[in-house]
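Need a 3D model of the following:
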Amino acid sequence: METICRTKIIDVLKREDFGATVCVKGWVRTHRNSKAVHFIALNDGSTIRNVQIVADAQKFDDDLMKQVTTGACLSVTGELVKSPGAGQSVEVQAHDIVLLGACASDYPMQKKGQSMEYMRTHAHMRLRTNTFGAVFRIRHHMAMAIHRYFHEHGFFYFHTPIITASDCEGAGQMFQVTTKNLYDLKKDAEGKIDYSDDFFGKTTSLTVSGQLEGELGATALGAIYTFGPTFRAENSNTPRHLAEFWMIEPEVAFNDIHDNMDLAEDFIKYCVRWALEHCQDDLAFLNKMIDPTLLDRLQFVVENDFVRLSYTEGIKILEDAVKEGHKFEFPIYWGADLASEHERFLVEQHFKRPVILTDYPKEIKAFYMKMNDDGKTVRAMDVLFPQIGEIIGGSEREENYDKLMSRIEELHIPMKDMWWYLDTRRFGTCPHSGFGLGFERLILFVTGMQNIRDVIPFPRTPKNADF
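The predicted structure follows:
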């Protein structure tokens, strides 16, 4: 008997060569039957759509068909026929069904609707649901769009270390990396832990950002971007925070803050356009099942220019809103670090467009940001999006050695292990800018999902490192 090669369901659904013999393999979504016919919805993950398998009850053993339950894995060979049913153009009339993997009755992703919280406790199985299949196909497409955008614009993909001795943000919320025996720690005369016998001979941690190393890349290659995992030991149990997440960080020599804003807006619009063009079925499903405003919101972002205004102007708008009776949970005043509710008010209610906020007070921004002439604000920029708030944060970097050192000393940042970073300001310094985009926040926006734990396959949050 001739062996028929498997065809992915996404490709079977496009075919019109009715009468051809095809082989499809996948997992059962639903199985319903009458006395004469079995109808099986099969999905292999290649598309949100299922292919319907039609099986004549007289041709297949009852014991086999009893095992065709939700979650079971099948290989089906049959004839491709035009479907008389609504919502599908083709179906497969089964000639042969092979049970590749039976599914136990306690399969956690039964057809009935489950809450997102329930599915997080079964994150290893939630991938097989329609919702999470759509989310993670879109996640793939966004990664492809990011690499393609930067490649087309002359950037070089630059790999920065995951294990580092530097704290980019200066906040100290880092996961330590060590091979030391934590039950028998060697200490020095002052009682501090002696790391001289540790693997790297010094204190090392998982990176919070690839930016500082990325600046070295930009001052050699001109324009680079990083795209990799980052880690924050921040005890934040919110729908917007993860302990392990992915970051995209372009860094460009000779760009000022205005060039940086142009790049951020062009880049993120490219990504959203890519989703609209390449993820139509998945977005249509999420628009129907998760967020009915999703498609309109995505289209709105690509069709409108982003508003650009200073932090000071933004604060005045927010203070005026308070005077007119609007209530915020967190107080608003010049010098406050804006909360998500403040950012979303500017975007969703005041301007009704994405906003790029610039020139923040130096006290609430990182040490490496270039000071403005007023001595109070820095050339920072945050891109604010509807439903998300801040989606991109960046700045023009301080390229002057003396000014950078002054800021470091002012903030008492331990720089003994960062001599290499300061060398970029000693040996041929140049103006340069960059930003960071949290990949999961982009996926939140593009999918309409409400919790960041639902756009990464296996979320890492406080007290949670399962799977």
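
and N400, how many neighbours does it have?
Neighbour count of N400, defined by other C-beta atoms under 10 Å: 14. From N, CA and C alone the C-beta is placed, and that goes for glycine too.

do the one 4 residues further on as well
The burial count assigned to L404 is 23, neighbours taken as other C-beta under 10 Å.

Show me where the stretch 51-200 of the chain has its strands.
51-56, 73-82, 90-101, 156-157, 163-164, 176-177 (DSSP state E, counting those that start in this stretch).

ok, the second one: who's next to it in the sheet?
Read it as strand 73-82. Strand 73-82 pairs in its sheet with strand 21-33 (antiparallel), strand 90-101 (antiparallel), by DSSP bridges.

do the same with the fifth one
Here strand 163-164 is paired, per DSSP bridges, with strand 204-206 (antiparallel).

Name the next helix or strand downstream of the strand it pairs with, please.
Following the chain from strand 204-206 toward its C-terminal end, the next helix or strand by DSSP states H and E is helix 211-221.

What is the following helix or strand past that following helix packed up against?
Using DSSP H and E, the helix or strand that follows helix 211-221 in sequence is strand 223-231. Applying 3 or more C-beta pairs under 8 Å, 6 or more residues apart in numbering; DSSP states H and E, we find strand 223-231 packed against helix 130-152, strand 156-157, helix 211-221, strand 244-253.

Just want the angle from the longest one to strand 244-253.
Translated: helix 130-152. 20 degrees (axes from the mean of the first three to the mean of the last three C-alpha atoms, to 10 degrees).

starting at the chain centroid, how far to helix 130-152?
9 Å (C-alpha atoms, centre = their mean, to the nearest Å).

before we move on, the earlier item: and the strands of the stretch 51-200 of the chain, which is most packed in?
strand 51-56 (a mean of 20; mean count of other C-beta atoms under 10 Å).

Work out the gap between that strand and the centre of the chain.
With C-alpha atoms, centre = their mean, you get 37 Å for strand 51-56.

avg pLDDT for that strand?
Regarding strand 51-56, the rounded mean pLDDT is 96.

CA atoms of it as CSV?
C-alpha atoms of strand 51-56 as CSV (Å, rounded to 0.1, in the frame of the first residue of the first chain):
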residue,chain,number,x,y,z
VAL,A,51,-10.4,20.2,9.4
GLN,A,52,-13.6,18.1,9.7
ILE,A,53,-13.1,14.4,9.4
VAL,A,54,-16.2,12.5,8.3
ALA,A,55,-16.1,8.7,9.1
ASP,A,56,-18.7,6.2,8.1
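
returning to that earlier point: from the helices and strands packed on strand 223-231, which stretch is densest packed?
strand 244-253 (a mean of 23).

So in that sheet, which strands flank that strand, and in what orientation?
With DSSP bridges as the test, strand 244-253 pairs up with strand 223-231 (antiparallel), strand 432-438 (antiparallel).

quick one: D11 is in a strand?
No: per DSSP: H, G, I helix; E, B strand; the rest coil, D11 lies outside any strand segment and is helix.

So for it, what's the nearest residue that isn't a sequence neighbour?
S46 (7.7 Å; C-beta to C-beta, 6 or more residues apart in numbering).

now swap in D291 and tell me
That would be G448: by C-beta to C-beta, 6+ apart, it lies 3.2 Å from D291.

which stretches of the stretch 51-200 of the chain aren't confidently modelled?
Scanning the stretch 51-200 of the chain for pLDDT under 70 picks out 111, 167-172.

Kindly recompute the last result at 90.
84-89, 109-116, 119, 165-173, 186, 188-191 (pLDDT under 90).

Among the strands paired with strand 73-82, single out whichever gets nearest to P459.
strand 21-33 (23.1 Å; C-beta to C-beta).

how about the strands of the stretch 51-200 of the chain in TSV, adding distance to D281?
As requested, the strands of the stretch 51-200 of the chain are exported to TSV (distance: least, C-beta to C-beta, whole Å):
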stretch	distance to D281
strand 51-56	14
strand 73-82	20
strand 90-101	15
strand 156-157	29
strand 163-164	40
strand 176-177	42
